[in-house]
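got a predicted structure plus its sequence, pasted below:
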Amino acid sequence: MFQRHLGLTLGGEPAARLARRLAMPLSGDTLLRLARAAPLLLPPEPRVVGIDEWAWRRGCRYGTMLVDLERRAVLDLLPDRDALSVAAWLRRHPSIKVVVRDRADVFAEGARLGAPQARQVLDRFHLLCNLSIALRAIVAHHHIAIRAAGRALLRLKIETDRTAAKAARPPTAIEVRKRATHAPRQARHAELRRLAEAGASVAGVARVLGLDRKTVRVWLRRDTPPSWQRGRAVPTILDPYRAELEARWQAGCRSAAELARGLIGAGAAVRPRVVRDWAMKRRRRSVDVLDTTPGSTSAPRWRPPSINRPTWLLQADPCTLGEDDRRFLVHLRTEAPDLRESAALARRFADLVRPQSSESLEAWFAAAAGTPLAKFALGLGRDREAVRGAITMPWSTSPVEAQIGRLKMLKRTMFGRAGFALLRQRVLTAT
């Protein structure tokens with residue numbers, strides 16, 4: 001009995017090595033022969049059965065596993081994934097009342113033929129996975145909108161970073177002198193606003209502050225006093241070369257030294273300091289997707305998000321998203337308004353399945369008609385009662401997935417060299 005359990009638990013050679021250490025020398029073949037001869041205990045007749053596939057070789061060949069969901073024990077292992085095989089096994093167990101499965105047509109047909117008396121229930125996890133795949137196909141048609149939303153978010157982020165960097169930058173000597181010069185005018189403007197809000201007339205404000213009434217009227221229309229900055233452009237030595245500098249800037253050259261060397265090499269009588277001042281003003285004046293932070297000269301180009309990430313964001317709870325993700329969704333919904341409807345329908349269906357909604361399934365089907373999710377809804381409509389069972393009943397194929405994980409472990413310990421009979425024996429008897 002002990003040797004048989006060694007063979008069932010460890011397999012041939014690993015069990016033989018352990019047996020030798022326990023002073024019970026046996027060959028691997030003997031242990032496997034004992035394991036194959038182990039009697040299978042007849043389980044109680046199942047009432048709730050879960051069905052799922054397991055892979056002989058992923059993508060090429062599959063088998064079928066059947067699990068008693070009430071006892072969480074494997075009932076049987078089938079060597080193929082075929083509706084007739086599943087139906088034949090179910091016919092031998094007429095006590096079955098509920099069959100839990102995914103949306104595979106093979107299992108749906110097998111359950112219909114072999115257990116017509118049983119109620120079919122779809123697994124909720126597989127339903128949500130199918131929903132995500134359907135939404136991803138819709139999102140994939142809006143890759144241009146995704147790029148546009150990402151670029152809009154990047155520009156906003158650059159502007160925010162640039163504003164923060166500018167606020168954190170200590171003022172230059174020229175800026176300090178300008179602030180000191182404008183401080184009396186700012187104080188006079190603030191006093192003017194206070195008097196006007198208190199009900200003083202234009203003439204009264206002009207007498208108190210010593211200003212002309214026309215000046216008072218102009219200042220009242222502005223949030224700040226007018227500056228003395230000249231509006232006309234002052235000619236500089238770089239004027240003949242601005243077009244060339246702008247072209248190289250747009251081509252990606254952000255180094256002031258490199259720009260200056262190019263101009264000087266072409267015969268321009270300019271100093272590198274003049275070009276450096278131009279580059280600094282140019283960088284501060286506009287938002288550039290090549291500059292992720294102010295002053296950056298070698299930032300990588302922006303890369304659009306993948307299709308999978310927007311799909312996940314559209315289904316996620318907004319309360320769990322970061323600020324950047326929420327802004328991205330706002331821009332994406334602006335660029336592609338029809339995605340808003342599809343995402344809202346997807347969230348409504350997910351709330352139905354979890355369940356977190358009192359909405360009826362029929363109401364969701366009616367809302368999905370004529371939308372990009374109509375094809376997904378049509379497929380669900382052909383299995384409507386099973387979908388309803390997923391919403392109203394507690395069963396799922398999670399115990400089946402757990403047993404398939406255990407089967408994978410057993411396959412690996414057997415190195416893929418044993419046949420189906422031994423694998424079935426170990427799955428049904430090993431503990």
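Sure thing, it's come through.

C-alpha only now, for contacts and for neighbours.
Noted.

surely Arg124 meets Pro355?
No: using Cα atoms under 8 Å, Arg124 makes no contact with Pro355, being 9.8 Å away.

who touches both of these two?
With contacts taken as Cα atoms under 8 Å, 6 or more residues apart in numbering, Arg124 and Pro355 have Ile391 as neighbours in common.

distance of Ile138 relative to Leu34?
56 Å (Cα to Cα, to the nearest Å).

what's the burial count for the closest residue to Pro25 other than its chain neighbours?
Among residues not flanking Pro25 along the chain, Ala19 sits closest, at 5.6 Å (Cα to Cα, 6 or more residues apart in numbering). Counted with other Cα atoms under 10 Å, residues neighbouring Ala19 total 20.

what of Arg354?
Other residues close to Arg354 by other Cα under 10 Å number 13.

Thr64 too?
20.

please, where are all the helices along the stretch 1-150 of the chain?
All helices of the stretch 1-150 of the chain, identified by DSSP state H, counting those that start in this stretch, fall at 2-10, 13-21, 28-36, 83-91, 105-114, 124-140, 143-168.

may I see the buried residues of stretch 45-63?
Buried residues in stretch 45-63, counted by 16 or more other Cα atoms under 10 Å: 46-56, 62-63.

where is the longest strand in the protein?
strand 48-57 (DSSP state E).

domains of this protein?
Using automatic domain parsing, the domain parsing of the chain gives 2-36, 48-123+396-429, 129-142+305-392, 180-220.

adding mean pLDDT, write the ones you listed out as JSON lines.
Shown next, in JSON lines, are the domains of the chain (pLDDT from 0 to 100):
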{"stretch": "domain 2-36", "mean pLDDT": "74"}
{"stretch": "domain 48-123+396-429", "mean pLDDT": "89"}
{"stretch": "domain 129-142+305-392", "mean pLDDT": "89"}
{"stretch": "domain 180-220", "mean pLDDT": "89"}
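
Arg261 is nearest to which of the ones you listed?
domain 129-142+305-392 (37.2 Å; Cα to Cα).

more neighbours: which of Arg124 and Pro355?
The residue with more neighbours, out of Arg124 and Pro355, is Arg124; 24 against 14, by other Cα under 10 Å.

pLDDT score assigned to that one?
Looking at Arg124, its pLDDT is 92.

gap between the residue nearest to Pro25 and Leu128?
In terms of Cα to Cα, Ala19 sits 48 Å off from Leu128.

repeat for Trp219
62 Å.

equivalent analysis for Ala196, please.
63 Å.

residues contacting the longest strand of the chain, please?
Applying Cα under 8 Å, 6+ apart, the contact partners of strand 48-57 are 61-70, 81, 96-102, 107, 396-397, 400-401, 404.

swap the cut-off to 7 Å and go again
61-70, 81, 96-101, 397, 400, 404 (Cα atoms under 7 Å, 6 or more residues apart in numbering).

would you list the buried entries among those residues?
Buried members of these, scored by 16+ other Cα under 10 Å, are 62-69, 81, 96-101, 397, 400, 404.

these in strands, which ones?
Counting by DSSP E, the part of these found in strands is 62-68, 98-101.

what's the most distant pair in those?
Every pair of those checked by Cα to Cα; the farthest is Tyr62 and Val98, at 23.4 Å.

one step back: export the ones in strands among the buried ones among the contacts of strand 48-57 as TSV, with columns for distance to Asp239.
Shown next, in TSV, are those (distance: Cα to Cα, whole Å):
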residue	distance to Asp239
Tyr62	73
Gly63	77
Thr64	78
Met65	79
Leu66	81
Val67	81
Asp68	83
Val98	83
Val99	80
Val100	77
Arg101	74
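
nearest to Ile264 among those residues?
Relative to Ile264, the closest of these is Tyr62; by Cα to Cα it sits at 71.4 Å.

where in the stretch 151-300 of the chain is pLDDT low?
Where the stretch 151-300 of the chain drops to pLDDT under 70, the residues are 169, 228-233, 284-300.

which parts of it are helices?
Taking DSSP H, counting those that start in this stretch as the test, the helices found in the stretch 151-300 of the chain are 173-197, 202-209, 213-220, 242-250, 256-265, 272-285.

how far does the longest one sit from the chain's center?
On the basis of Cα atoms, centre = their mean, to the nearest Å, helix 173-197 is displaced by 50 Å from the centre of the chain it belongs to.

give the buried residues for that helix.
Neighbour-count burial for helix 173-197, counted by 16+ other Cα under 10 Å, picks out 189, 192-193, 195-196.

which ones are touching the residue lying farthest from the centre of the chain?
Distance from the C-alpha centroid of the chain, by Cα atoms, centre = their mean, peaks at Arg207 (64.9 Å). If you count contacts by Cα under 7 Å, 6+ apart, Arg207 has none.

quick one: it from Leu373, how far?
Arg207 sits 71 Å away from Leu373, taking Cα to Cα as the criterion.

again with Pro79
36 Å.

between those two, which has more neighbouring residues?
For Pro79 and Leu373, the more surrounded residue by other Cα under 10 Å is Leu373, and the numbers stand at 22 against 17.

ok, the more buried one - contacts?
Neighbours of Leu373 in contact, by Cα under 7 Å, 6+ apart: Ser342.

now it: phi and psi?
Torsion angles at Leu373 (phi, psi; degrees, to the nearest 10) stand at phi -90, psi 10.

could you do Ala369 as well?
The phi/psi pair for Ala369 (degrees, to the nearest 10) is phi -60, psi 130.

quick one: the residue nearest to Val270 when sequence neighbours are not counted from Asp161, how far?
With Cα to Cα, 6+ apart as the criterion, Val270 has its nearest non-adjacent residue at 6.7 Å, and that residue is Ile264. Distance, Ile264 to Asp161, using Cα to Cα: 33 Å.

what's the neighbour count on Pro272?
Applying other Cα under 10 Å, we find 16 other residues in the vicinity of Pro272.

distance check, it against Phe365.
68 Å.

on that earlier part again, quick one: which of the domains of the chain is nearest Ala149?
domain 129-142+305-392 (4.9 Å).

looking at the ones in strands among the buried ones among the contacts of strand 48-57, spot the one nearest Leu113.
Closest approach between these and Leu113, by Cα to Cα: Val99, at 12.2 Å.

Phe107 - nearest residue in space that isn't next to it in sequence?
Ala83 (6.0 Å).

distance of that neighbour from Ile51?
12 Å.

same thing with Leu263?
74 Å.

same deal with Ala374?
28 Å.

then Pro372?
Counting by Cα to Cα, the gap from Pro372 to Ile51 is 31 Å.
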